[in-house]
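*Asks:* Using only what follows, build the 3D model:
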Amino acid sequence: AGIVGMPEGYALTETEAEIKAELAESDVTELLEALTPGEDYAEAEVVCLADDRAHAELIAAAYGGELADYGYGVATISLADTGLAVGEAVEIGADIGLEIPAVEPNYYLELDGDLSFEAFPDGEQTAETPALNSVSFNDPCLDPSSSFYQWHHAMIGTPEAWEVTTGSGDITVAVIDTGLRTTHEEFAGKTSGTVTEVDIGLGTGDGNGHGTHVAGLIGAAANNGKGGAGVAPGVSLLSLRTAPQDEPSTPKLAYILRAINYVIGANEDGSGVASGRRADIISMSISFKSESENTIASFKKLVELVREEGVTFCSSMSNDGKNEIRYPAWYDEVIAVAAVTQSGDRASFSNYGEWADIAAPGSAIYSTDKDSDSDYISKNGTSQATPIVAGACALYMSAAGHVDPVTMRSEEHTSELQSHHDLV
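*Replies:* The predicted structure follows:
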């Protein structure tokens, strides 16, 4: 086995040429030298975008490999019997002198939450946060006297927004995460909006709990006498699982790409659909770090397509507690979300910097959990701040109708949430 190359006369597609050029520019092979196979990316496995299964088979054969999996425009290629290391395959693909589509490692990405929980970290006082006096919902955690008071609603002005709308089922937020426990009382009991899981190759359900928690912050039912409420309890949720059952805390690049492609209209066979986008907003509390924005060129390309399809993309800045760039939040097309505490200060764990677009509550945030249909938990992280912003975007669109990402960013910059931007 070895490099065979594409059939004679094959010409790279426009997307393939762009991805190859960006990988060559970033010198990705040098960046890979600092990473460890099996820890930072899957061993003997590469990924690429492909128009359909036949196209994917051609690319796999070009590298002497086997097509391990294909779906929603993304190919996973096994190099196990090729004698090629992942870095070698990536280097060959990035050679702009070769008419062979580029491939990339199947990177492991990171969840940006689930930090050690303290009831009210950094000495915060619950009395400083006003009660939700303008609503009469009976959810116990909307009560400031609750040990698990959802203080974030008062900080971002949700009660005032709820006087206009609690969310429309015509607005859909895609949660690209670890999955969702759809039978939870906060989702099964929704009276407005739908809750949909789509199997993009890893099944459904939530093996971690991260996805269930963030989804609840967006769209958990309100006024059902249970738990708390999502920022936009009436909107529809679309869950896309990106972490396998045997590694529930480790989202893989191939499934992140599939999820994004699904949102912007791809079918399982890779083809597009006439209806276009399947969601108005993406909430993604998953990230990776790199010295170059082109390290995962296929990811960058799809983020550009997300904007072209009119989908607003919210992503977490991660929890390193420093000005360390994370992707996709750093991309211009994405709303980068940092976290603040109940006192309004930057959370000590939150990344910060001029690349931050907005900050939202991210400490001691109470929401749904996966262990039972009535399970709840408090967590800290930019993972929690991100769905709060996505929920706010969903409320805006519920009142104003779908808007494009540029308009949504403009409105976000004039929101109450934006008052915390200077902190980051």
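
*Asks:* Now do the lowest-mean-pLDDT helix or strand in the chain: which elements does it pack against?
*Replies:* Lowest mean confidence among the helices and strands of the chain (mean pLDDT, DSSP states H and E): helix 28-32, at a mean of 83. Helix 28-32 sits against helix 86-93, with contacts defined as 3 or more C-beta pairs under 8 Å, 6 or more residues apart in numbering; DSSP states H and E. (Each C-beta comes from the backbone N, C-alpha and C, glycine too.)

*Asks:* Pairing partners for the helix or strand just after the helix it packs on, with directions?
*Replies:* Note on helix 86-93: by DSSP states H and E, the next helix or strand toward the C-terminus is strand 104-107. Partners of strand 104-107 in the sheet, by DSSP bridges, are strand 41-49 (antiparallel).

*Asks:* what's next to the partner strand, contact-wise?
*Replies:* 15-16, 19, 35, 37, 56, 59, 63, 65, 68, 73-80, 86, 89-90, 93, 101-108, 252-254, 257, 298, 301-302 (C-beta atoms under 8 Å, 6 or more residues apart in numbering).

*Asks:* so after it, what's the next helix or strand?
*Replies:* helix 53-62.

*Asks:* for that next one, packing partners?
*Replies:* Helices and strands touching helix 53-62, by 3+ C-beta pairs under 8 Å, 6+ apart, are strand 66-71, strand 74-78.

*Asks:* got the angle for the last one vs helix 86-93?
*Replies:* Read that as strand 74-78. 120 degrees (axes from the mean of the first three to the mean of the last three C-alpha atoms, to 10 degrees).

*Asks:* quick check: longest helix of this structure.
*Replies:* helix 382-400 (DSSP state H).

*Asks:* ok, back up a step: could you check how far the least confident helix or strand of the chain is from the centre of its chain?
*Replies:* For helix 28-32, the separation from the chain centroid amounts to 25 Å (computed by C-alpha atoms, centre = their mean, to the nearest Å).

*Asks:* Now it: buried residues?
*Replies:* 28, 29, 31, 32 (16 or more other C-beta atoms under 10 Å).

*Asks:* Can you give me every residue that contacts residue 305?
*Replies:* Listed by C-beta under 8 Å, 6+ apart, the contact set of residue 305 reads 260, 264.

*Asks:* backbone phi and psi for it, please?
*Replies:* Per-residue torsions, residue 305: phi -70, psi -30 (degrees, to the nearest 10).

*Asks:* And for residue 211?
*Replies:* For residue 211, the backbone dihedrals are phi -60, psi -40 (criterion: degrees, to the nearest 10).

*Asks:* was I right about it contacting residue 174?
*Replies:* No - using C-beta atoms under 8 Å, residue 211 is not in contact with residue 174, being 11.4 Å away.

*Asks:* overlap in contacts of these two?
*Replies:* residue 239.

*Asks:* between those two, who's got more neighbours?
*Replies:* In this view residue 211 and residue 174 are compared by other C-beta atoms under 10 Å, and residue 211 has more residues nearby, 33 against 29.

*Asks:* Point out the most buried one among the helices and strands packed on helix 53-62.
*Replies:* Scoring these by mean neighbour count under mean count of other C-beta atoms under 10 Å gives strand 74-78 as the most buried, with a mean of 26.
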